[in-house]
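> next one to model:
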Amino acid sequence: MPSVAVGIICKTPLPGHSKTRLSPPLRPDECAGLSASFIRDLSATIDDLTSIEDVAGYAVYTPVGTEVMLRALLPAAFRLLSQSDGDLGTRLRNAIKDLLRAGHRGAILVNSDSPTLPLAILRDAVHAVRRGDNVVLGPALDGGYTLVGLSQPHDHLFADIPWSTPQVYRLTLERAREIDLPATNVPQWYDIDDEYTLRLLQAELAGQPLEFAEPGLTGADAPHTRRFLANRIARARVRSLS
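Presented below is the predicted three-dimensional model:
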């Protein structure tokens, strides 16, 4: 049976172009470093998934020309697929088509801002995609989604969506209903794109339970993100003493 592609939608981390909504409190170079940590951790989780499921990991990236820098953040088995031009909807739609044309049984696109996304959620998404023609969504805490999966292309799902707003998930479900496409949810998770969700991440990494998480569902360890944030705190303490 052909594999399911699991691709991270990402920008190669560059100061001034990565996680800009986190500056402040982070400096531009810290935003890029945090983004790199996210990609390292999420791709490692996807790579772990390959040991128990027939999946292929991808980085669906931009900009072209940064492949060497991005490759250094990824497991060796990961493949690269450049994003198309256009808004986010166009890029998601075209990436799904490209991955299906490559011969995969299905394609799942994951946002790059969820470093603790549990392997169990990704596994559930793979199983749901394999079940047939439906859209698989991972609702996000902010009203968007952490992942979207399809076994066939459906352009209408990505039409007229106000991206980066709390309406993304709800409107995607509406688009699915408009074309009579069944929708399957995997458990909710969150992405980190502002100071509030950064604090949520720090609390999770410190061992505090996530109130929204389903019982028994815990986040991936995210060692690179954990180390980056710990080192940032240590550097801040040193600066405060100097």
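> if I look at the closest residue to residue 140 other than its chain neighbours, how far off is residue 175?
Counting by CB to CB, 6 or more residues apart in numbering, residue 140 lies nearest to residue 146, which is 4.9 Å off, once chain neighbours are set aside. The way it works is simple: take the backbone N, C-alpha and C, and place the C-beta from them, glycine included. Distance of residue 146 to residue 175, computed by CB to CB, to the nearest Å: 18 Å.
> equivalent analysis for residue 222, please.
32 Å.
> between these two, who's got more neighbours?
Between residue 222 and residue 175, counted using other CB atoms under 10 Å, the more crowded position is residue 222 (24 against 19).
> residues contacting that one?
37, 41, 115, 116, 205 (CB atoms under 8 Å, 6 or more residues apart in numbering).
> need the CA coordinates for the host helix or strand of residue 43. CSV is fine.
Element membership for residue 43 (DSSP states H and E) is helix 28-49. Coordinates of the C-alpha atoms in helix 28-49 are reproduced here as CSV (Å, rounded to 0.1, in the frame of the first residue of the first chain):
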residue,chain,number,x,y,z
PRO,A,28,14.5,38.5,15.8
ASP,A,29,17.5,36.1,16.1
GLU,A,30,15.7,34.3,19.0
CYS,A,31,12.5,34.0,16.9
ALA,A,32,14.5,32.3,14.2
GLY,A,33,16.2,30.1,16.7
LEU,A,34,12.9,29.1,18.2
SER,A,35,11.4,28.4,14.8
ALA,A,36,14.4,26.1,14.0
SER,A,37,13.8,24.3,17.3
PHE,A,38,10.2,23.8,16.4
ILE,A,39,11.1,22.3,13.0
ARG,A,40,13.7,20.0,14.5
ASP,A,41,11.2,18.6,17.1
LEU,A,42,8.2,18.3,14.9
SER,A,43,10.2,16.6,12.1
ALA,A,44,11.7,14.2,14.7
THR,A,45,8.2,13.2,15.8
ILE,A,46,7.2,12.6,12.2
ASP,A,47,10.3,10.6,11.8
ASP,A,48,9.4,8.5,14.8
LEU,A,49,6.0,7.9,13.2
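> nearest residue to the middle of the chain?
Closest to where the C-alpha atoms of the chain average out (CA atoms, centre = their mean) is residue 111, at 2.2 Å.
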